[in-house]
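1. quick one: sequence plus predicted model below, questions after.
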Amino acid sequence: MRQSQLFTKTRKSAPKDEVAKNAQLLIRGGFIHKEMAGVYSYLPLGLRVLKNIENIIREEMNGIGGQEILMTALQDSEIWKTTGRWSDDVVDNWFKTKLTEDSELGLAHSHEEPLVRIMRGQVSSYRDFPRAVYQIQTKFRRELRAKSGILRGREFIMKDMYSFVRTQEELDEFHEKAAEAYMRIFARAGLGERTFRTFAAGGSFSKFSDEFQTLCDAGEDTLYLDRAKKLAVNREVYTDDVLSELRLKKSDMEEVKAIEVGNIFKLGTRFSQPLGLTYKDENGKDREVLMGCYGIGLGRLMGTIVEALSDEKGIVWPKEVAPFQAHLVAITGGNADVAAEADRMYELLREHNIEVLYDDRDIRAGEKFADAELIGIPVRLVISEKTLSQGGLEVSERSSGNATFVSDSDIVERLKN
RNA sequence: CGGGGUGUAGUAUACCGGUAGUACGCACGAUUCGGGUUCGUGUAGACCGGGUUCGAUUCCCGGCACCCCGACCA
């Protein structure tokens, strides 16, 4: 895309009401727009990143047998009353509204109940297992205090997967498969070496759960981490009993701050029992289905990448989530030959399906470089009189700043891998 | 939800009981052209409601919004 056509602009300063680094950089770069506290719109660059994250998650979920659906954001209160979760005393972050005076609707904060109702009509035999269903959809939560930019919002996009199995062994097995898929997702999102599976509280669902925590000083969570074993324990369940159960030694544990980028639970029959989700076993006897659930907040993951990987100049996107693969910067100095050569290079890259942001704007080099660093595309290509006289362009890596010269006959090959 | 704070051009800010100045941005002109160049001209603003006062953007009250700390976070 030609940057001269991009409707968003970068800014030198962040709005004063944003303190979180992720929001400051994403707003300065033109990735997102704040509508109100905890509610952000995604602009072209931000949406590209979000879609890339979505695709990674989708591939990994499909890879473990997930089937994608899309449920509604408006929810029927009746089904939630059956499990006792309609009450504000049980779930206090509902946004609720009314259809008529005595007909209430909820804005989705989660989807266990409605999905179980869907599955009730689809799963009826022991032959129908296992099943895993997921969606990537907007959730609403009435957070009393939104904070930390896009890390904790009132409206956000979440991938939530639910598994349906017959036995505890199957539940454990799928749980492990999901955990492995989660680690692959975070690795592809560039957070692999700093994200740890973490033993945590299970909330109202179960006794314990597994969180995926990315080490970051901006995080809200405190963990105790055994780096060698790549295992962490959330402070909320950090007891001697838990340590011995996990065979961890207190002396090996390091206290760290982290952001929860994912959370997976074994639900058991918590929802299938009250909602009557059963199947007939081999003997024709009714059995309750066991469930698990597996969540990732896409915006939070995006914000975490910014928090964890950016530097003093701006954002540093990992390759797989970057809005573009390369940022072509034309330094023409008013030289029409350089501009024509840059145009030609842009077309060449496009012909080879390389997604490139082409800075064809009529502004000075310094501003272009500063913007390129702020936006954080992994590879920057500079074309100028200087590089042209050598028959190529300068290729530099955003993360390291290392620059090399590449002739234009080699550039496509260089970007393809 | 408890506590604290802040609301002034698109953004960041200044001053002031006598209705606002600067920088960035934006527009135009000149200059410059591999690190946000320089100069000129122009553009654009007091959250809402009430009170005090001759007069309120300024002081007081209420509302709303936003930020921070805490609590909460299927």
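-> Now that the structure is in, tell me what you want to look at.
2. and the stretch 101-250 of chain A, which of its residues are near RNA strand B?
-> Within the stretch 101-250 of chain A, the positions near RNA strand B by CB under 7 Å from any atom of the strand are A:109-110, A:112, A:141, A:143-148, A:152, A:160, A:203-205, A:220. (Each C-beta comes from the backbone N, C-alpha and C, glycine too.)
3. 6 Å instead?
-> By CB under 6 Å from any atom of the strand, the residues of the stretch 101-250 of chain A that approach RNA strand B are A:Ser110, A:Leu144, A:Arg145, A:Ala146, A:Lys147, A:Gly203, A:Ser204, A:Phe205, A:Glu220.
4. quickly find the element holding the first one.
-> Put plainly, it is A:Ser110. Under DSSP states H and E, no helix or strand contains A:Ser110.
5. give me the number of residues near it?
-> When neighbours are defined as other CB atoms under 10 Å, A:Ser110 has 20 of them.
6. quick one on the thing from earlier: mind checking which of the residues of the stretch 101-250 of chain A next to RNA strand B are in strands?
-> The strands, defined by DSSP state E, take in nothing from those.
7. just the buried residues out of those residues, in PyMOL syntax.
-> In PyMOL, a selection of the buried entries from these looks like this (16 or more other CB atoms under 10 Å):
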select buried, chain A and resi 110+146+205
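8. out of the residues of the stretch 101-250 of chain A next to RNA strand B, which one has the lowest pLDDT?
-> Within the set of these, pLDDT is lowest for A:Ser204 (73).
9. tell me the contacts of that one?
-> For A:Ser204, the contacting residues are A:Val90, by CB atoms under 8 Å, 6 or more residues apart in numbering.
10. mark which of the residues of the stretch 101-250 of chain A next to RNA strand B are part of helices, please.
-> Using DSSP state H, the subset of those located in helices is empty.
11. what is the nearest of the residues of the stretch 101-250 of chain A next to RNA strand B to A:Gly284?
-> Nearest to A:Gly284, judged by CB to CB, of these is A:Phe205 at 30.6 Å.
12. spatially nearest residue to the closest one, not counting backbone neighbours?
-> Excluding its sequence neighbours, the residue lying closest to A:Phe205 (CB to CB, 6 or more residues apart in numbering) is A:Phe265, at 4.7 Å.
13. same check on A:Gly63?
-> Distances taken as CB to CB, 6+ apart put A:Ala181 closest to A:Gly63, at 6.4 Å, once the chain neighbours are dropped.
14. three-state assignment of A:Pro274?
-> helix (DSSP: H, G, I helix; E, B strand; the rest coil).
15. tell me who's in contact with it.
-> With CB under 8 Å, 6+ apart, A:Pro274 has these contacts: A:Thr82, A:Thr83, A:Gly84.
16. now, which of those residues lie within strands?
-> Checked against DSSP E, these include nothing in strands.
17. okay, those in CSV with neighbour count next?
-> Compiled in CSV, the contacts of A:Pro274 are given as follows (neighbours: other CB atoms under 10 Å):
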residue, neighbour count
A:Thr82, 15
A:Thr83, 16
A:Gly84, 12
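18. of those residues, which belong to helices?
-> Checked against DSSP H, the contacts of A:Pro274 include these in helices: A:Thr82.
19. coming back round to it: the residue nearest to A:Gly63 belongs to a helix?
-> Yes - counting by three-state DSSP, A:Ala181 is found in a helix.
20. what about it, how many residues nearby?
-> Counted with other CB under 10 Å, A:Ala181 comes out at 22.
21. that one contacts A:Met61, doesn't it?
-> Yes - counting by CB atoms under 8 Å, A:Met61 is a contact partner of A:Ala181 at 6.8 Å.
22. list the beta-bridge partners for the residue nearest to A:Phe199 when sequence neighbours are not counted.
-> In this structure, A:Phe199 finds its nearest non-sequential neighbour in A:Val233, 4.8 Å apart by CB to CB, 6+ apart. Residues in a beta bridge with A:Val233, per DSSP bridges, are A:Phe199, A:Tyr224.
23. how about the contacts made by A:Val233?
-> Residues near A:Val233 by CB under 8 Å, 6+ apart: A:Thr198, A:Phe199, A:Ala200, A:Leu223, A:Tyr224, A:Leu225, A:Val242, A:Leu243, A:Leu246, A:Leu248, A:Met253.
24. show me how to select, in PyMOL, the buried members of the residues you listed.
-> To isolate the buried ones among the contacts of A:Val233 in PyMOL, judged by 16+ other CB under 10 Å, type:
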select buried, chain A and resi 198+199+200+223+224+225+243+248+253
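25. residue boundaries of the helices in the stretch 101-250 of chain A?
-> Assigned by DSSP state H, counting those that start in this stretch, the stretch 101-250 of chain A shows helices spanning A:112-120, A:168-188, A:240-245.
26. got JSON lines for those, with mean pLDDT too?
-> As requested, these are arranged in JSON lines below (pLDDT from 0 to 100):
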{"stretch": "helix A:112-120", "mean pLDDT": "97"}
{"stretch": "helix A:168-188", "mean pLDDT": "98"}
{"stretch": "helix A:240-245", "mean pLDDT": "93"}
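27. picking up where we left off before, can you pull the contacts of the residue nearest to A:Gly63?
-> So A:Ala181 contacts A:Glu60, A:Met61, A:Gly63, A:Ile64 (CB under 8 Å, 6+ apart).
28. gap between it and A:Arg48?
-> For A:Ala181, the distance to A:Arg48 (CB to CB, to the nearest Å) stands at 23 Å.
29. could you find the closest non-adjacent residue to A:Val90?
-> In space, and not counting its chain neighbours, A:Val90 is closest to A:Gly84: 5.8 Å by CB to CB, 6+ apart.
30. report the separation between the one you found and RNA strand B.
-> Separation of A:Gly84 from RNA strand B (CB to the nearest atom of the strand, to the nearest Å): 11 Å.
31. shouldn't that residue be in contact with A:Arg270?
-> No - look at A:Gly84 against A:Arg270 with CB under 8 Å: they stay out of range, at 10.7 Å.
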